[in-house]
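In: missing the sequence, but the structure's below:
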């Protein structure tokens, strides 16, 4: 804790949004181990030690002021980089799926529903194929 008459010029933001478990759609519950982990982060911050930027970030008051006093931890805590190693097959599968979806979309445009001509469309002329 900061002594009573001492003013801290930084705020500690901890992003616990990926911790714990969802109890309801809007309520997340943290376990004892996660609470202990956050306490350890606060202790390291108070000692001036380096923080894990994926979990916590020390931010100056000026920076918070510059963000219009936004106190959402995700505004300041840097998420870890995505691990894309070994995902070549997944990317190839997604490209294949995308190609199949494009083909299905092209078929839907070329052969519209047979009953489409009977649907009123407020006098804009006859339905026509758009390519």
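Out: Cool, the structure landed. What you are looking at is a predicted structure, and each value in this text was computed from that prediction instead of being measured.

In: how far does the single longest helix found in the chain sit from the chain's center?
Out: In the chain, with assignment by DSSP state H, the single longest helix is helix 88-110. With CA atoms, centre = their mean, to the nearest Å as the basis, helix 88-110 stands 25 Å off its chain's centre.

In: same question, stretch 49-57
Out: Centre to centre, stretch against its chain (CA atoms, centre = their mean), the figure for stretch 49-57 is 19 Å.

In: How about stretch 24-39?
Out: In terms of CA atoms, centre = their mean, the centre of stretch 24-39 is found 19 Å from the chain centre.

In: Can you give me the end-to-end span of that stretch?
Out: End-to-end distance of stretch 24-39: 25 Å, with CA to CA, to the nearest Å as the criterion.

In: Report the rounded mean pLDDT for that stretch.
Out: On average, the pLDDT along stretch 24-39 is 92.
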